[in-house]
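Trainee: Quick one, what's the 3D model for this:
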Amino acid sequence: MPEEERLASFYARMVEHGMPCVQEPKEVFGARLAQYLDPDGLAISVGEERRRS
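Mentor: Presented below is the predicted three-dimensional model:
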């Protein structure tokens with residue numbers, strides 16, 4: 001699976017299971033990041049580094 005699709009796939013699964021997403025996957029400082037809220041309302045960041053050429 002291409003790198004860009006892994007975070008998008010993870011995002012889709014989390015939303016499908018009702019995990020609140022506060023930031024959809026986006027490019028931030030050279031990495032793709034997404035943020036979710038855990039059951040206690042704390043933010044969790046999930047990301048991928050951009051592949052270097």
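
Trainee: Average pLDDT for stretch 39-51, rounded please.
Mentor: Mean pLDDT, stretch 39-51: 89.

Trainee: And for stretch 13-22?
Mentor: 94.

Trainee: First-to-last residue distance for that stretch?
Mentor: Using CA to CA, to the nearest Å, the end-to-end distance of stretch 13-22 comes to 15 Å.

Trainee: Show me the contact partners of that stretch.
Mentor: The contact list for stretch 13-22 (CB atoms under 8 Å, 6 or more residues apart in numbering) reads 11, 34-37, 43. (Glycine included, C-beta is placed from N, CA and C.)

Trainee: How far does it sit from its chain's centre?
Mentor: 10 Å (CA atoms, centre = their mean, to the nearest Å).

Trainee: buried sites along that stretch?
Mentor: By neighbour count on 16 or more other CB atoms under 10 Å, the buried set for stretch 13-22 is M14.

Trainee: now swap in stretch 6-15 and tell me
Mentor: In stretch 6-15, counting by 16+ other CB under 10 Å, buried: 7-8, 11, 14.

Trainee: from the contacts of stretch 13-22, which ones fall inside strands?
Mentor: Of the positions in these, 34-37, 43 sit in strands, assigned by DSSP state E.

Trainee: Most neighbours out of those residues, which is it?
Mentor: A34 (22 neighbours; other CB atoms under 10 Å).

Trainee: G18 versus that one, what's the distance?
Mentor: 15 Å (CB to CB, to the nearest Å).

Trainee: ditto for E27
Mentor: 26 Å.

Trainee: Is M14 in a helix, a strand, or coil?
Mentor: Of the three states, M14 takes helix according to DSSP: H, G, I helix; E, B strand; the rest coil.

Trainee: for the contacts of stretch 13-22, which one is nearest E49?
Mentor: A34 (13.8 Å; CB to CB).

Trainee: Verify the stated contact: that closest one with E24.
Mentor: Yes. Using CB atoms under 8 Å, A34 is in contact with E24, at 6.1 Å.

Trainee: so what sits against both of those two?
Mentor: Y11.

Trainee: Could you single out the nearest of the contacts of stretch 13-22 to R50?
Mentor: Minimum distance to R50 across the contacts of stretch 13-22 is 14.5 Å, recorded for A34 (CB to CB).
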